[in-house]
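Undergrad: The sequence isn't on hand, but the structure is:
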């Protein structure tokens, strides 16, 4: 389940990066791009939660879930807030940096 | 949108971001472990850096060591040493090296002479130096061996007079056998290859010590086999079984430190051969040479080099963020690949990157075609821009390739073909450097330089474009490599005592520093490329 979460989140990272590239060039983010990012991230986090509940391992990745919860704040502001592109760009950067940090933290456990 | 540039940026951010996050995690994980360090456990448990060889006298100790250390090279005379035959015992044990560059002259005779001679006998036995004993006004042994060799007179100072044949000799004296032993432990004459040279700063740490008291010098002689089997230096404790301030100072200065795990060397050890050395002294010495973590690795402190270079890395990240955010908001007329390269270049050029970036764009600009802007810049500034364009992608990619190689490992080639003068091509560092260059050039050529040239010169054929892009990529990255590879070699192979791994601050920091130097070397080379109009410098 840990590997599944990593793969799902990795796909989420790639689409998130694509969305951010569009945003930073002042272009409209294609709906498919941010939708795939959203779905993959949600599935990845759900997989992580299932892992935390099911595993007998000492490391349950609660810290990563907390990091993702912090990233969720700017993420939700981008999704639901009615703001200009400038603010969205800034929020996307904060969201991306926190989210990437959480993903890298997960990778340090998964990579050999 | 051209996706190749963001893909390269993504690879760089992904790999380096992961590496730096891993660095933070490793440091955090080390911290709680290091709090209950080895020293603490040591004091509560048993001594492991000190072994006391309990014995019933010199004959007993000698017999035991003959079976315990059965190596031919470290063999001693079959007879047991005694106060009467100690000179004979040593001469029979010594295997003289005909190429030895030094001769040792020590006092001979009774027990008192042995006290003074023993520290030098240990080195002579280790090195294969001929030894002459001075007794009753004359030198024993073969004085022919004095020819063409540097003579060292070891003793208390006045025991051995200035004989005719010892005119050119160097005297090493002290006011007590304890001081003399310490002096020899630190002394080194490189030309004559004499003295242990075991001072504080040494790159080679694999050696031991034999400890006795002057009154039990005979036990020290019985254990002389350690001088060869364990590279052991002889040291003396005080007659009451305690250790002097000088020995305490010396032993603490010999404390080795580990870099990644305590299981790595060097390991130092005291072999206690006198039964009269106190437990307190043994405990103290054990504590003194207990391995400690290298200062940068735990919560204790950062080493000076780590601290300085860490600042370089942090400023680099801050510089990259500044340039990226600034260009994202304020320079809509600058194309995406250029913005990415400025941000990536600033990542490796703390402060300098943003300064050059600002200097490049706070200038008059003109739109040569729709959406295609040019800035009016000095020749130097154009060179800096051109360097940053190649460097931003290239240098980062080289670090990325290097990180992946050290993370996953890579095969070394030590086949028969690597035996000759090109053996170094099969070693780790050259393979890594070549791979870093080749892979980085290939990626930068295909994903960055070729599409960039294509957009700038659409009229040129694909074949020509591809060739031109390959040549300019290879050349400009070769220029960067000149500074980058030499600096990383200096840092990783020479400056830092032990090769840092990819989860050490020093690995990343060395790469950052090397890239910075690489940019400074490539800048004047790009000055020439701008002059020849081979590269644009005003985009």
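TA: That came through fine. Predicted, not measured: the structure shown is a model, and the values here were computed from it.

Undergrad: who touches residue B:253 in this structure?
TA: Applying CB atoms under 8 Å, 6 or more residues apart in numbering or on different chains to residue B:253 gives the contacts B:199-200. The way it works is simple: take the backbone N, C-alpha and C, and place the C-beta from them, glycine included.

Undergrad: and if we set it to 7 Å?
TA: residue B:200 (CB atoms under 7 Å, 6 or more residues apart in numbering or on different chains).

Undergrad: and the gap between it and chain A?
TA: Distance, residue B:253 to chain A, using CB to the nearest CB, to the nearest Å: 37 Å.

Undergrad: does the residue of the stretch 51-200 of chain B found nearest chain A sit in a helix, a strand or a coil?
TA: Of all residues in the stretch 51-200 of chain B, residue B:200 sits closest to chain A, with a separation of 36.5 Å (CB to the nearest CB). Secondary structure, DSSP: H, G, I helix; E, B strand; the rest coil: residue B:200 is coil.

Undergrad: Check the residue lying closest to it once chain neighbours are set aside and give its pLDDT.
TA: Once flanking residues are discounted, residue B:200 sits nearest to residue B:253: 4.4 Å by CB to CB, 6 or more residues apart in numbering or on different chains. Looking at residue B:253, its pLDDT stands at 85.

Undergrad: And residue B:253, how close does it get to residue B:487?
TA: According to CB to CB, to the nearest Å, residue B:253 and residue B:487 sit 31 Å apart.

Undergrad: which residue sits closest to residue A:86, ignoring its sequence neighbours?
TA: residue B:329 (6.7 Å).

Undergrad: Around that neighbour, how many other residues sit close by?
TA: 14 (other CB atoms under 10 Å in any protein chain shown).

Undergrad: Which residue of chain B lies farthest from its centroid?
TA: The centre of chain B is farthest from one residue, residue B:370, which by CA atoms, centre = their mean lies 55.8 Å away.

Undergrad: Chain A too?
TA: For chain A, the largest distance from the centre (CA atoms, centre = their mean) belongs to residue A:56, which lies 25.3 Å off.

Undergrad: mind checking the SS state of it?
TA: Applying three-state DSSP: residue A:56 is coil.

Undergrad: what do you get for residue B:171?
TA: Secondary structure, three-state DSSP: residue B:171 is strand.

Undergrad: residue contacts, it?
TA: Per CB under 7 Å, 6+ apart, neighbours of residue B:171: residue B:153.

Undergrad: Now stretch B:393-405: average pLDDT?
TA: On average, stretch B:393-405 scores 93.

Undergrad: which of the residues in the strand or helix carrying residue B:17 are buried?
TA: Taking DSSP states H and E as the criterion, residue B:17 maps to helix B:4-35. By neighbour count with 16 or more other CB atoms under 10 Å in any protein chain shown, helix B:4-35 contains the buried residues B:5-23, B:25-27, B:30.

Undergrad: thinking in terms of the whole chain, how far from its middle is the lengthiest helix in chain A?
TA: Using DSSP state H, we find that the single longest helix of chain A is helix A:85-110. Distance, stretch centre to chain centre, for helix A:85-110: 7 Å (CA atoms, centre = their mean, to the nearest Å).

Undergrad: If you count neighbours, what's buried in stretch B:420-427?
TA: In stretch B:420-427, the ones that count as buried by 16+ other CB under 10 Å are residue B:426.

Undergrad: Next, the distance between the ends of it.
TA: As for stretch B:420-427, its first-to-last residue distance stands at 13 Å under the measure CA to CA, to the nearest Å.

Undergrad: mind checking how far the residue of the stretch 301-450 of chain B found nearest chain A is from residue A:34?
TA: Nearest residue of the stretch 301-450 of chain B to chain A (CB to the nearest CB) works out as residue B:328 at 5.0 Å. Using CB to CB, residue B:328 is found at 18 Å from residue A:34.

Undergrad: again, but for residue B:181
TA: To residue A:34, residue B:181 is 75 Å away according to CB to CB.

Undergrad: Now residue A:48: closest residue in space that isn't a chain neighbour?
TA: Leaving out its chain neighbours, the residue that sits closest to residue A:48 by CB to CB, 6+ apart is residue A:5, at 4.5 Å.

Undergrad: didn't residue B:530 look like it was pressed against residue B:382?
TA: Yes. Assessed by CB atoms under 7 Å, residue B:530 is found in contact with residue B:382 at 4.9 Å.

Undergrad: list the residues that contact both of the two?
TA: What both residue B:530 and residue B:382 touch, as defined by CB under 7 Å, 6+ apart, is the set residue B:537.

Undergrad: Next one: the closest residue to chain B within chain A, what pLDDT does it get?
TA: With CB to the nearest CB as the measure, residue A:104 is the residue of chain A nearest to chain B, at 3.6 Å. pLDDT recorded at residue A:104 is 94.

Undergrad: How many residues are close by it?
TA: Neighbourhood size, residue A:104 [other CB under 10 Å]: 22.

Undergrad: so who does it touch?
TA: Contacts of residue A:104 by CB under 7 Å, 6+ apart are B:17-18, B:21.

Undergrad: picking that back up, in contact with the residue nearest to residue A:48, which residues?
TA: So residue A:5 contacts A:44, A:47-48, A:51 (CB under 7 Å, 6+ apart).

Undergrad: swap in residue B:94?
TA: B:124-125, B:131.

Undergrad: Pick the one among these closest to residue B:435.
TA: Of all these, residue B:125 has the smallest distance to residue B:435: 47.3 Å, by CB to CB.

Undergrad: Pull the number of nearby residues for the residue lying closest to the closest one once chain neighbours are set aside.
TA: Nearest non-adjacent residue to residue B:125, counting by CB to CB, 6+ apart: residue B:227, 4.7 Å away. Residues lying near residue B:227 (other CB under 10 Å) number 24.

Undergrad: what does the one 3 residues further on give?
TA: Here the neighbour count serves as a burial measure; for residue B:230 (other CB under 10 Å) it reads 19.

Undergrad: Residue B:102 against residue B:128, yeah?
TA: No. Between residue B:102 and residue B:128 no contact is recorded; they are 10.0 Å apart, counting by CB under 7 Å.

Undergrad: okay, now residue 70: neighbour count?
TA: The chain I'm using is chain A. For residue A:70, the neighbour count with other CB under 10 Å is 15.

Undergrad: looking at chain B here, not the other one
TA: Neighbours of residue B:70 (other CB under 10 Å): 11.

Undergrad: With residue A:36 instead?
TA: Residue A:36, neighbours per other CB under 10 Å, totals 18.

Undergrad: Any idea which residue of chain B lies closest to chain A?
TA: Counting by CB to the nearest CB, chain B gets nearest chain A through residue B:21, at 3.6 Å.

Undergrad: Run through the residues that contact that residue.
TA: A:101, A:104-105, A:108.

Undergrad: do that again at 10 Å, thanks
TA: A:100-108 (CB atoms under 10 Å, 6 or more residues apart in numbering or on different chains).

Undergrad: again, but for residue B:158
TA: residue B:173.

Undergrad: Show me the helices in chain A, by range?
TA: Taking DSSP H as the test, the helices found in chain A are A:2-24, A:31-54, A:62-80, A:85-110.
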